[in-house]
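> give me coordinates for this.
(2 chains, ligands or ions: 2)
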Amino acid sequence: MRVYATARTAFKALRRNPMRAMLTTLGIVIGVGAVIAMMEIGAGSSAALKKTIASMGANVLVIQPGTAASGGVSFGAGSTTNLTPEDSQAILRECPAIRNATPMVRARTQVVYGNRNWVPNAMYGTTPAYLAVQNWSNLAEGEPFSDRDVLNSNRVCLLGQTLVRELFEGVSPVGKDIRIKNIAFRVIGVLAPKGANMMGMDQDDIILAPWTTIKYRVTGTSLTSANQSTDSTASTAVNTLSNRYPATQGTLYPAQDSVQQSDNPMPVRFANIDSIMAAANSSEEISLAIEQITGVLRERHHLRPDEPDDFSIRDMAELTKTLSTTTTLMTNLLLAVAMISLVVGGVGIMNIMLVSVTERTREIGLRMAVGARGRDILRQFLVEAVVLCLTGGAMGIVLGHGGSLLVKLLLHWPVETSPTAIAAAVLVSAGVGIIFGFYPAWKASRLDPIEALRYE
Amino acid sequence: MELIKLRGIEKTYQMGDISVPVLKGISLSIKRGELLALTGSSGSGKSTLMNILGCLDRPTAGEYWLDGQEISQLSTDERALLRNRKLGFVFQSFNLLARTSAIDNVAMPLAYSAENLNDREARERAAEMLMRVGLADRLDHYPSQLSGGQQQRVAIARALINRPPVLFADEPTGNLDSKTSEEVLQMFERLNTEDGITIIMVTHDPKVAGHAKRVIRLHDGLILDDAPTAGSNSENSGEAS
Ligand SMILES: Nc1ncnc2c1ncn2[C@@H]1O[C@H](COP(=O)(O)OP(=O)(O)OP(=O)(O)O)[C@@H](O)[C@H]1O
Ligand SMILES: [Mg+2]
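Ligands and ions are numbered 1, 2, ... in the order given. Okay, here's the model as predicted:
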């Protein structure tokens, strides 16, 4: 018997009891619906995650000075100062796996405009290459500073969206002057909005300036601390203990005013920077890039083979891998729950098919009497179960897709249609039909025609 | 030429430790074109013999030639094929598929035939069969919309759809009143004389048996007597003995 004819017979048999067919297939409908919704929501989340990772700078490596240790006491990462801008240039020059590299100087201090002030989360002294490393080259307004600005320690800066909002209340800041540590910086550009990163940190709360300017004019002005808040002596007045353990040190030299300072930058033999940010060509080349950077820096720092690295390289890939593993894990867990409901649906199918076989014993006997072989009966009931499951699967796909669209509309959850999920749902529901339909069909095929015909 | 030949057919049911002999050595031969009735008291083994003749069951011992082929040792699948091609069945309780139209009921055995007719051919053939049993105007009726006699005629059409040489009927009139029984029996006679179909029916109603040309009486698993009926001509009965 041809499959098409068998399928039609199956449809006719199911149409004889449409309500029961509906209820039987409900388990499959819900199971497949859940699988589809889970896969679509999962795919949406991981796509959103990928976008966030890309915004954090894909394939970015951060090179920090190594730990300083004195007599077994470690001072933590970044406590030595042995990275130089020349290291950054050498990395860019000598590591083929590196697309771009830029020196970084960090500061944290107050920014003032008019009567408003703000302490940005990130104040980076860097080079124009930073924007390339971060894939952030499209400015919302104005233009980036140049390498000449870096050479001349020009007092120019780029603002992130949050600063524009906080200091300028949305008015275009380009061409205006802001003050950092009482030094005027000309705003020459505004960065494009980037949003929060994976840890929920605002990536737009940022100010970028030439690293030479930040290094020599901003952090250089305060020898005690780069953090303006600890400069304040206000707290000591309240804290009586501070009389016994003074937090502030007496100044040994007369204080310079800012004009004196900017006129006489501190004589530095070699400029050290806080870190180097480098971008690998691709995520596949990250480990190669790490190897190459290690080689270059060890050579430049004259380390003997038995000496440990005096720098450390962090790569975002680790972090992003962890995060995407977590989402994948969650999706898989939910998928497993959905699968369980599919199995439950399959058991429902098996149950009803068994009832159906018992009910139709006489029909089976009759079919056998007119020449149906065991395998014809087996096929008929198997096809019936599969048709039932596929119908349920189709309804489940519609339901699941509708559900995920609803989630997108109402909860604004990222959702992505996944053809793989639909194909998988079709296969899985056919599979459930075959697996759970087999036993009842096999039972039907083993009936004895005489007994079956006599069955009441 | 003999269509059916039985020699020493025995059937013993095994009920746990006890064996129940039902047929105790049946030998008979049936020619093409006979109209034969199997009678006997209840429990004499008529249905059992019928199931063996209809290839639904295997004898415990003995030989069975159908159309020149020894079939008592055929496998289940081979017997199914044989039933499809050569045998038709009519049951006491009609056994039509519920919620399935008359024409679909009649066409059902075609699904298992080797002929592989397409949909249109199958419907044409089924309609032709229904016409032959006088139900040309009831093609799309469901069994619940047909009278008992009409249902049995649908069942006869179904039994004939594969054009088998032999038709088996176990108590075909058992569920019918005397008037419709008469109709069904006349149909059997017509099929027998016009189309030459061999018909073997089981009955314990002497009136029904009276329509047959030959009556075999069973008693306790053995043939009690085997004789042509008074109504049939001597030429036929002579061959039968
Ligand atoms: N599957 C079986 N297992 C055991 N014994 C059986 C089985 N089928 C039939 N028998 C026995 O075989 C005997 C004959 O049964 P059968 O059905 O052939 O009788 P019958 O002549 O058709 O009677 P009736 O006129 O009442 O239909 C009965 O005694 C019955 O109990
Ligand atoms: Mg009987």
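> residues from chain B in reach of chain A?
Within chain B, the positions lying close to chain A (C-beta under 8 Å from any C-beta of the partner chain) are B:51, B:54, B:56-57, B:76-77, B:80-81, B:83-85, B:89, B:91, B:95, B:97-100, B:104, B:108-109, B:111-113, B:116, B:119, B:158-159, B:162. Using the backbone N, CA and C atoms, a C-beta is placed for each residue, glycine as well.
> so what strands line up beside the helix or strand hosting residue A:103?
If you go by DSSP states H and E, residue A:103 is part of strand A:98-107. Strand pairing for strand A:98-107, determined by DSSP bridges: strand A:122-126 (antiparallel), strand A:275-280 (antiparallel).
> next structured bit after that strand?
Proceeding N to C from strand A:98-107, the next assigned helix or strand is strand A:111-113, under DSSP H and E.
> chain center to that next one, what's the gap?
33 Å (C-alpha atoms, centre = their mean, to the nearest Å).
> can you list contacts of it?
Outside strand A:111-113, the residues within contact range by C-beta atoms under 8 Å, 6 or more residues apart in numbering or on different chains are A:117-120, A:123, A:163, A:167-168, A:173, A:176-180, A:207.
> switch the cut-off to 10 Å
Applying C-beta atoms under 10 Å, 6 or more residues apart in numbering or on different chains, the contact partners of strand A:111-113 are A:117-120, A:123, A:157, A:159, A:163, A:166-169, A:173, A:176-182, A:184-185, A:187, A:207.
> are any of these buried, and which?
Buried by 16 or more other C-beta atoms under 10 Å in any protein chain shown: A:118, A:120, A:123, A:157, A:159, A:163, A:166-168, A:173, A:178, A:180-181, A:185, A:187, A:207, out of the contacts of strand A:111-113.
> alpha carbons of the strand or helix carrying residue B:201, as PDB, please.
Assigned by DSSP H and E, residue B:201 belongs to strand B:198-202. Written as PDB, here are the backbone C-alpha positions of strand B:198-202 (Å, rounded to 0.1, in the frame of the first residue of the first chain):
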ATOM      1  CA  THR B 198     -18.300 -20.700  -5.600                       C
ATOM      2  CA  ILE B 199     -20.200 -19.900  -2.400                       C
ATOM      3  CA  ILE B 200     -19.800 -21.700   0.900                       C
ATOM      4  CA  MET B 201     -22.100 -20.600   3.700                       C
ATOM      5  CA  VAL B 202     -22.500 -21.700   7.200                       C
END
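> mind listing the strands for the stretch 201-350 of chain A?
Using DSSP state E, counting those that start in this stretch, the strands of the stretch 201-350 of chain A run over A:206-210, A:275-280, A:311-315.
> switch those over to JSON lines; also include distance to residue A:363 and mean pLDDT.
Listed next are the strands of the stretch 201-350 of chain A as JSON lines, based on distance: least, C-beta to C-beta, whole Å; pLDDT from 0 to 100:
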{"stretch": "strand A:206-210", "distance to residue A:363": "76", "mean pLDDT": "93"}
{"stretch": "strand A:275-280", "distance to residue A:363": "69", "mean pLDDT": "90"}
{"stretch": "strand A:311-315", "distance to residue A:363": "68", "mean pLDDT": "85"}
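> tally up the residues packed near residue A:89, please.
Using other C-beta atoms under 10 Å in any protein chain shown, residue A:89 has 15 neighbouring residues.
> is it true that it touches residue A:103?
Yes: Residue A:89 is within contact range of residue A:103, at 8.5 Å (criterion: C-beta atoms under 10 Å).
> which neighbours do these two have in common?
Common neighbours of residue A:89 and residue A:103, using C-beta under 10 Å, 6+ apart, are A:127, A:276.
> among the buried ones among the contacts of strand A:111-113, give me the pair with the biggest separation.
Within these, A:168 and A:181 form the most distant pair, 19.4 Å apart (C-beta to C-beta).
> for residue B:49, helix, strand, or coil?
Judged by DSSP: H, G, I helix; E, B strand; the rest coil, the three-state class of residue B:49 is helix.
> what residues are up against it?
B:6, B:9, B:11, B:22-23, B:26, B:28, B:38, B:40, B:57, B:59, B:200, B:202, B:216, B:218, B:221, B:223.
> and the helix or strand that contains residue B:215, which strands flank it?
Under the criterion of DSSP H and E, residue B:215 resides in strand B:214-219. Sheet pairing of strand B:214-219 (DSSP bridges) gives strand B:35-40 (parallel), strand B:222-228 (antiparallel).
> is ligand 1 within reach of it?
No: Strand B:214-219 does not reach ligand 1 (C-beta under 6 Å from any ligand atom); its nearest approach is 6.8 Å.
> tell me the angle that strand makes with strand B:198-202.
For strand B:214-219 against strand B:198-202, the angle between stretch directions is 30 degrees (axes from the mean of the first three to the mean of the last three C-alpha atoms, to 10 degrees).
> tell me what angle the longest helix along chain B forms with strand B:35-40.
Looking across chain B with DSSP state H, the single longest helix is helix B:178-195. Here helix B:178-195 runs at 140 degrees with respect to strand B:35-40, directions being taken by the same axes, to 10 degrees.
> pLDDT on helix B:178-195, on average?
Averaging pLDDT along helix B:178-195 gives 92.
> tell me which helix or strand the residue in chain B that chain A sits nearest to sits in.
Closest residue of chain B to chain A, C-beta to the nearest C-beta: residue B:84 (2.4 Å). Remark: residue B:84 resides in helix B:76-86, with elements defined by DSSP H and E.
> pull the CA atoms of that helix into PDB?
Provided in PDB are the C-alpha atoms of helix B:76-86 (Å, rounded to 0.1, in the frame of the first residue of the first chain):
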ATOM      1  CA  THR B  76       0.700 -15.900   7.900                       C
ATOM      2  CA  ASP B  77       1.600 -13.300   5.200                       C
ATOM      3  CA  GLU B  78       1.200 -15.800   2.400                       C
ATOM      4  CA  ARG B  79      -2.300 -16.700   3.600                       C
ATOM      5  CA  ALA B  80      -3.100 -13.000   3.800                       C
ATOM      6  CA  LEU B  81      -2.200 -12.600   0.200                       C
ATOM      7  CA  LEU B  82      -4.200 -15.600  -0.800                       C
ATOM      8  CA  ARG B  83      -7.300 -14.300   1.100                       C
ATOM      9  CA  ASN B  84      -6.900 -11.000  -0.700                       C
ATOM     10  CA  ARG B  85      -6.700 -12.500  -4.200                       C
ATOM     11  CA  LYS B  86      -8.900 -15.600  -4.000                       C
END
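> quick check: what element follows it along the chain?
With elements assigned by DSSP H and E, the helix or strand that comes after helix B:76-86 is strand B:87-90.
> do the strand holding residue B:201 and ligand 1 meet at all?
No: using C-beta under 6 Å from any ligand atom, strand B:198-202 never reaches ligand 1; the gap is at least 6.6 Å.
> can you show me the helices along chain B?
Along chain B, the segments classed as helices by DSSP H run B:46-53, B:76-86, B:102-107, B:119-132, B:148-160, B:178-195, B:206-209, B:234-240.
> need those in TSV (columns: distance to residue A:370).
Formatted as TSV, the helices of chain B follow (distance: least, C-beta to C-beta, whole Å):
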stretch	distance to residue A:370
helix B:46-53	15
helix B:76-86	6
helix B:102-107	11
helix B:119-132	13
helix B:148-160	7
helix B:178-195	17
helix B:206-209	24
helix B:234-240	28
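> hey, least reliable of those by pLDDT?
helix B:234-240 (a mean of 42).
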